[in-house]
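Peer 1: Structure for this input, please:
(4 chains)
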Protein chains: 2
Amino acid sequence: MNKNDLRVVKTKQNLHVALTKLLKIKPLSQIKVTELCLKAKINRGTFYFHYQEVGDVFKEFFEEIMVDLKESYDEPYRHTDILDVEHLDPKTVRIFHHIKKYEDFYNIILSHEVSTEYYYMLFDEIRKICIEDKNAVPTGKPNEYLYSYSANAILGLIIEWYRHDFQESADEMNVHLVNILNRKI
Amino acid sequence: MNKNDLRVVKTKQNLHVALTKLLKIKPLSQIKVTELCLKAKINRGTFYFHYQEVGDVFKEFFEEIMVDLKESYDEPYRHTDILDVEHLDPKTVRIFHHIKKYEDFYNIILSHEVSTEYYYMLFDEIRKICIEDKNAVPTGKPNEYLYSYSANAILGLIIEWYRHDFQESADEMNVHLVNILNRKI
DNA sequence: TATTTTATTGAACAATTGTACAATAAAATC
DNA sequence: GATTTTATTGTACAATTGTTCAATAAAATA
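Peer 2: Have a look, this model is predicted:
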């Protein structure tokens, strides 16, 4: 199976478009393989040639979003006008803007009925950022546990945000984070 | 449907026993309804009268474990011999002993192929503990975000522990937590 | 352009799912 | 113990899943 073969590219593209359309109507867990293939106008056999379940197509999407998250940390940051970032590397707090940008996707990823796989993908990505961005994490000699602690703590904020239907702005979320980090534990 | 009806009790008991047996052979995601009913010697129709999917039976299990977690916080704590708990309420760190006790279950809950539902059940339970146990959380006026931050941070440690195949002892995990909490962020 | 490679198709298949319902058996209630 | 209630069973059914395979069509390569 050659990923660059035009036929493969077309098939995947069709599935991506079809899935996006279906996700606007119904939750991921309710989308059947048959249904997706019908909408994408590809054969069910072709689907099983590339994937195992509908979630795998969604996972491909999410991998692209994870690339965006990663890449967004290489650009200069332009949201420093509101925050007191004295004790905080601005890079850290860009996560919330990214989440807001892909709000629709994170509503799926954080919903109850999906596999934990997506959560772990997000966790690993944020964890990597914590490792690279030393200021995102308490000082002192770091270890595996500290990184997982810090990364998942931020994810805790995101879960709470999700439960508030992402009503707060990304900048307000930054304020929450700064407030928490400025306490002495 | 009367939960106390002996027939119901028997049916559920049979399903519980059957699921426990099957979980020793294969992951939760691979256990079919048909298979479970065959093992439990109950009719498939009966299954669908009580549940929607195999995961629902597992969820019943997990609810019992959540009760144990909750209850364990009402008993006196007996593991204070190793730790310096000067800056830490001993209650907080009892979570790791509970996890170790039900290691087999948490291996399932934290695995990649299951629904996030179980993760959220655990999150909510630890979050409640954080609310009740003020010392588990940084000082200052608390809010929803702080509790979610703290609860999920502890879950971050548990995820890391899970990825280490729970090799560390519960007391060693307590040391990790104390080390992290004693830093100034 | 001709040839080779291979992704896609369509069709068939058994297995599983999810639902429905009347008949039955087991428990609760009197 | 007799009656009522209802959980369970067996059966049937359509829909979906997951797999297989030869035929085909589309792309890559020479």
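Peer 1: make it CA atoms for all contacts and neighbour counts henceforth
Peer 2: Fine.
Peer 1: Spatially central residue for chain A, please.
Peer 2: residue A:122 (5.1 Å; Cα atoms, centre = their mean).
Peer 1: ok, that residue - contacts?
Peer 2: Residue A:122 sits next to residue A:66 when contact means Cα atoms under 8 Å, 6 or more residues apart in numbering or on different chains.
Peer 1: what do you get if the cut-off is 6 Å, keeping everything else the same?
Peer 2: Neighbour list for residue A:122: empty [criterion: Cα atoms under 6 Å, 6 or more residues apart in numbering or on different chains].
Peer 1: Quick check: mean pLDDT of stretch A:146-165?
Peer 2: For stretch A:146-165, mean pLDDT is 97.
Peer 1: Tabulate the CA atom coordinates of that stretch in PDB.
Peer 2: Once non-C-alpha atoms are left out, stretch A:146-165 reads as follows in PDB (Å, rounded to 0.1, in the frame of the first residue of the first chain):
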ATOM      1  CA  LEU A 146       6.900  15.600  37.000                       C
ATOM      2  CA  TYR A 147       6.300  16.000  33.300                       C
ATOM      3  CA  SER A 148       3.200  13.700  33.400                       C
ATOM      4  CA  TYR A 149       2.000  15.600  36.400                       C
ATOM      5  CA  SER A 150       2.300  19.000  34.800                       C
ATOM      6  CA  ALA A 151       0.900  17.900  31.400                       C
ATOM      7  CA  ASN A 152      -2.100  16.300  32.800                       C
ATOM      8  CA  ALA A 153      -2.700  19.200  35.200                       C
ATOM      9  CA  ILE A 154      -3.100  21.400  32.100                       C
ATOM     10  CA  LEU A 155      -5.400  18.800  30.600                       C
ATOM     11  CA  GLY A 156      -7.400  19.000  33.900                       C
ATOM     12  CA  LEU A 157      -8.000  22.700  33.100                       C
ATOM     13  CA  ILE A 158      -9.000  21.800  29.500                       C
ATOM     14  CA  ILE A 159     -11.500  19.200  30.800                       C
ATOM     15  CA  GLU A 160     -13.100  21.700  33.100                       C
ATOM     16  CA  TRP A 161     -13.200  24.200  30.200                       C
ATOM     17  CA  TYR A 162     -14.800  21.500  28.000                       C
ATOM     18  CA  ARG A 163     -17.400  21.000  30.700                       C
ATOM     19  CA  HIS A 164     -18.100  24.700  30.700                       C
ATOM     20  CA  ASP A 165     -18.800  24.300  26.900                       C
END
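Peer 1: Check which residues of that stretch are buried.
Peer 2: Of all the residues in stretch A:146-165, those buried under the rule 16 or more other Cα atoms under 10 Å in any protein chain shown are A:146-162.
Peer 1: and that stretch, is it in reach of chain B?
Peer 2: Yes: counting by Cα under 6 Å from any Cα of the partner chain, chain B has neighbours in stretch A:146-165: A:148-149, A:152-153, A:156-157.
Peer 1: Quick one: name the residues of chain A near DNA strand C.
Peer 2: A:1-2, A:5, A:7-12, A:41-46, A:49-50 (Cα under 7 Å from any atom of the strand).
Peer 1: Narrow the residues you listed to those that are buried.
Peer 2: A:11-12, A:42.
Peer 1: In helices, which of the residues you listed appear?
Peer 2: A:11-12 (DSSP state H).
Peer 1: Kindly indicate which of the buried ones among the residues of chain A next to DNA strand C lies nearest DNA strand D.
Peer 2: The nearest member of these to DNA strand D, counting by Cα to the nearest atom of the strand, is residue A:11 at 9.8 Å.
Peer 1: For the closest residue to the closest one other than its chain neighbours, give me phi and psi.
Peer 2: Of all residues not flanking residue A:11 in the chain, residue A:42 sits nearest, at 7.0 Å (Cα to Cα, 6 or more residues apart in numbering or on different chains). Dihedral angles phi and psi of residue A:42 (degrees, to the nearest 10) take the values phi -130, psi 160.
Peer 1: quick one: residue A:42 from residue A:3, how far?
Peer 2: 17 Å (Cα to Cα, to the nearest Å).
Peer 1: Give me the buried positions along stretch A:24-42.
Peer 2: A:28, A:31, A:33, A:35-37, A:39-40, A:42.
Peer 1: Pick out the residue of chain A closest to DNA strand D.
Peer 2: For chain A, Cα to the nearest atom of the strand, closest residue to DNA strand D: residue A:32, 3.4 Å.
Peer 1: Leaving out the residues flanking it, which one is nearest to that residue?
Peer 2: Nearest non-adjacent residue to residue A:32, counting by Cα to Cα, 6+ apart: residue A:54, 7.0 Å away.
Peer 1: burial count for the one you found?
Peer 2: Burial of residue A:54 is recorded as 22 neighbouring residues (other Cα atoms under 10 Å in any protein chain shown).
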